[in-house]
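Trainee: got a structure for you, letters missing:
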Ligand SMILES: Nc1ncnc2c1ncn2[C@@H]1O[C@H](COP(=O)(O)OP(=O)(O)OP(=O)(O)O)[C@@H](O)[C@H]1O
């Protein structure tokens with residue numbers, strides 16, 4: 001059953017990464033990464049190109065074994081339990097899935113397939129599954145897409161369908177990997193409103209939003225992990241991490257962070 005936690009420990013954090021190092025040959029990819037996601041927290045991972053964001057996600061999902069350190073998900077430790085079963089509790093939305101969806105598949109089927117992604121039980125689709133998928137499409141403002149084929153969906157519609165698809169497996173942790181890439185400015189604002197709403201929903205999984213852009217960090221994101229060259233610049237509440245000084249370290253350039261009630265966060269590069 002993909003949507004039951006297999007080895008839950010009531011008080012365990014959702015994720016606990018400690019002293020994570022990943023090296024390949026002489027290349028240091030991640031170094032001394034400590035990161036803990038507790039229930040009720042939503043995180044942003046922010047870093048420049050090549051800072052290690054994708055490598056960290058691959059390590060969490062078991063595709064990039066650590067050189068040193070520990071990764072614990074829902075109380076189960078990587079290396080000491082069946083990680084394939086445990087990682088079913090992680091949902092990922094990434095544009096790299098885009099090529100895996102059959103072009104003529106209607107959106108409702110794409111959402112339903114999220115439940116069976118790991119198990120290949122496609123024939124056992126029930127009315128309950130269809131009804132759950134319809135609710136999830138509605139949640140992402142996509143009811144009108146139910147019968148529309150994947151090949152015809154816009155980038156924004158695809159991202160919303162992929163979120164509904166990931167939620168179908170009832171993950172405990174949902175990772176959105178640069179979900180605004182390819183969205184026009186208006187579609188981006190609408191999409192971010194949806195993500196913010198999802199993040200505030202009491203039944204939602206913990207969200208991890210990976211981005212290069214502070215403008216995409218909505219108020220529902222309570223914490224941030226800032227990466228630079230495979231190391232952690234800061235990890236903690238947004239109040240402690242999102243400031244001009246730390247972001248200048250992240251981007252290795254003098255930047256100024258400003259906040260406005262109407263437009264949220266904004267980053268300006270200072271002339272040197
Ligand atoms: N298997 C590997 N062997 C050697 N180097 C690697 C390997 N995987 C990643 N790297 C290097 O690790 C660094 C971090 O890469 P990663 O893709 O994690 O960065 P990122 O923050 O996701 O970048 P972007 O924002 O551009 O997607 C890069 O310099 C990359 O070339």
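Mentor: Nice, thanks for sending it over. Owing to the predicted nature of the structure, the values given are computational and were not obtained by experimental measurement.

Trainee: State the distance from the residue nearest to residue 269 when sequence neighbours are not counted to residue 108.
Mentor: In space, and not counting its chain neighbours, residue 269 is closest to residue 255: 5.5 Å by C-beta to C-beta, 6 or more residues apart in numbering. (C-beta placed from N, C-alpha, C; glycine too.) Going from residue 255 to residue 108 by C-beta to C-beta, to the nearest Å gives 43 Å.

Trainee: Then residue 45?
Mentor: 31 Å.

Trainee: same check, this time on residue 17
Mentor: On the measure of C-beta to C-beta, residue 17 and residue 108 end up 36 Å apart.

Trainee: Who has more neighbours out of those two?
Mentor: Remark: of residue 17 and residue 108, residue 17 carries more neighbours, 25 against 21, as counted by other C-beta atoms under 10 Å.

Trainee: isn't there a helix covering the more buried one?
Mentor: No. Residue 17: not assigned to a helix; according to DSSP: H, G, I helix; E, B strand; the rest coil it is strand.

Trainee: you'd agree it is up against residue 69?
Mentor: Yes. Between residue 17 and residue 69 a contact is recorded at 7.2 Å, counting by C-beta atoms under 8 Å.

Trainee: How confident was the prediction at the nearest residue in space to residue 160 that is not next to it in sequence?
Mentor: Leaving aside its chain neighbours, residue 160 sits nearest to residue 140 (4.0 Å; criterion: C-beta to C-beta, 6+ apart). Listed pLDDT for residue 140 reads 95.

Trainee: Surely residue 140 is in contact with residue 163?
Mentor: Yes. Counting by C-beta under 8 Å, residue 163 is a contact partner of residue 140 at 5.4 Å.

Trainee: Pull up the overlap in contacts between the two.
Mentor: When contacts are counted by C-beta atoms under 8 Å, 6 or more residues apart in numbering, residue 140 and residue 163 have 194, 198 as shared neighbours.

Trainee: hang on, the earlier thing: quick check: phi and psi at the residue nearest to residue 160.
Mentor: phi -100, psi 20 (degrees, to the nearest 10).

Trainee: what's the answer for residue 216, then?
Mentor: phi -90, psi 0.

Trainee: so who does the closest residue to it other than its chain neighbours touch?
Mentor: Nearest non-adjacent residue to residue 216, counting by C-beta to C-beta, 6+ apart: residue 180, 5.5 Å away. Counting by C-beta under 8 Å, 6+ apart, residue 180 makes contact with 188, 191-192, 211, 213, 216.

Trainee: Return the per-residue confidence for residue 180.
Mentor: In this model, residue 180 is scored at 94, pLDDT.

Trainee: The residue nearest to residue 160 - how many residues pack around it?
Mentor: A count of nearby residues for residue 140, using other C-beta under 10 Å, gives 24.

Trainee: can you tell me how far it sits from the ligand?
Mentor: Plainly put, residue 140 is 24 Å away from the ligand if you go by C-beta to the nearest ligand atom, to the nearest Å.

Trainee: who in the stretch 51-200 of the chain is up against the ligand?
Mentor: Neighbours of the ligand within the stretch 51-200 of the chain, by C-beta under 6 Å from any ligand atom: 51-55.

Trainee: about what we covered before: just name the closest of the contacts of residue 180 to residue 232, please.
Mentor: Nearest to residue 232 out of those is residue 211 (C-beta to C-beta; 16.5 Å).

Trainee: mind listing the strands for this structure?
Mentor: Remark: strands assigned in the chain by DSSP state E are 15-24, 27-37, 43-47, 68-73, 76-77, 90-94, 173-177, 206-211, 223-228, 231-237, 255-260, 264-269.

Trainee: can you put the ones you listed in a markdown table and add mean pLDDT?
Mentor: Listed next are the strands of the chain as a markdown table, based on pLDDT from 0 to 100:
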| stretch | mean pLDDT |
| --- | --- |
| strand 15-24 | 97 |
| strand 27-37 | 97 |
| strand 43-47 | 97 |
| strand 68-73 | 94 |
| strand 76-77 | 88 |
| strand 90-94 | 92 |
| strand 173-177 | 96 |
| strand 206-211 | 97 |
| strand 223-228 | 98 |
| strand 231-237 | 98 |
| strand 255-260 | 93 |
| strand 264-269 | 92 |
